[in-house]
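>>> Provide a 3D model corresponding to the input given below.
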Amino acid sequence: MVLVPMLGLLGAIFETGIVYFKSQQLQVTTIHASRAVLTHSLANMTYQNFIDKYVCTWQASGVVAAGTLSKSFDCSKILVDIADVGNGTDWSKASTSNSFYSTPPAASSTIALPASGHVAVVRIVYPMPAVTAILTGGILTGITLGKATGGEVTYNSRWTHLLFGVAAFRVEPT
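From the prediction side, this is the model:
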């Protein structure tokens, strides 16, 4: 009788650790990748090239470079948003909408670089599947088991949690 709750608690502890580890790794990767935006290193680069070169190197080269995501991430699910907020005096241009992950830019589209001296916000998003999805009904499609969707978003027509990595900075002069 004690074994079932104990295993459930152990699974919850394990999943929480994975979420914190992946969240921290995504944030560090976002900070490293945003340096390319900061220094104007993305001329004529597509979103897919940015992901392959600065975010998730193992998928393109087979090697995990320092400051990039590990092989535990499915790089095909990574979403990137690079926004030019303006000169930083009027933050009304800063978008906090969810539109970039519900309608992300095409992987083949070219990244529009923020202007020199403008404030840029780089957001990298990863949909985090729950390890213990059976407890929330994720594995049993059609059976929700009283699933609450608080804190979740719709991504690819499924409810999920998103891990965010965010970096904001003033772009260096060219």
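>>> which other helices and strands contact the biggest strand by length in the chain?
Once the chain is assigned using DSSP state E, the strand that runs over the most residues is strand 158-170. Here strand 158-170 touches helix 3-38, strand 119-128, strand 153-155, going by 3 or more Cβ pairs under 8 Å, 6 or more residues apart in numbering; DSSP states H and E. All C-beta atoms are positioned from the backbone trio N, CA, C, and that covers glycine.
>>> I'd like the ones you listed laid out as JSON lines, including mean neighbour count.
JSON lines is the format used below for the helices and strands packed on strand 158-170 (neighbours: other Cβ atoms under 10 Å):
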{"stretch": "helix 3-38", "mean neighbour count": "15"}
{"stretch": "strand 119-128", "mean neighbour count": "21"}
{"stretch": "strand 153-155", "mean neighbour count": "15"}
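>>> Any idea which of the ones you listed gets closest to Ile78?
With Cβ to Cβ, the closest approach to Ile78 among the helices and strands packed on strand 158-170 belongs to strand 119-128: 5.9 Å.
>>> got a list of what Cys56 touches?
Thr68, Leu69, Phe73, Cys75, Ile78 (Cβ atoms under 8 Å, 6 or more residues apart in numbering).
>>> for the protein, what are the low-confidence residue spans?
Counting by pLDDT under 70, the chain shows low-confidence ranges at 88-98, 129-159, 174.
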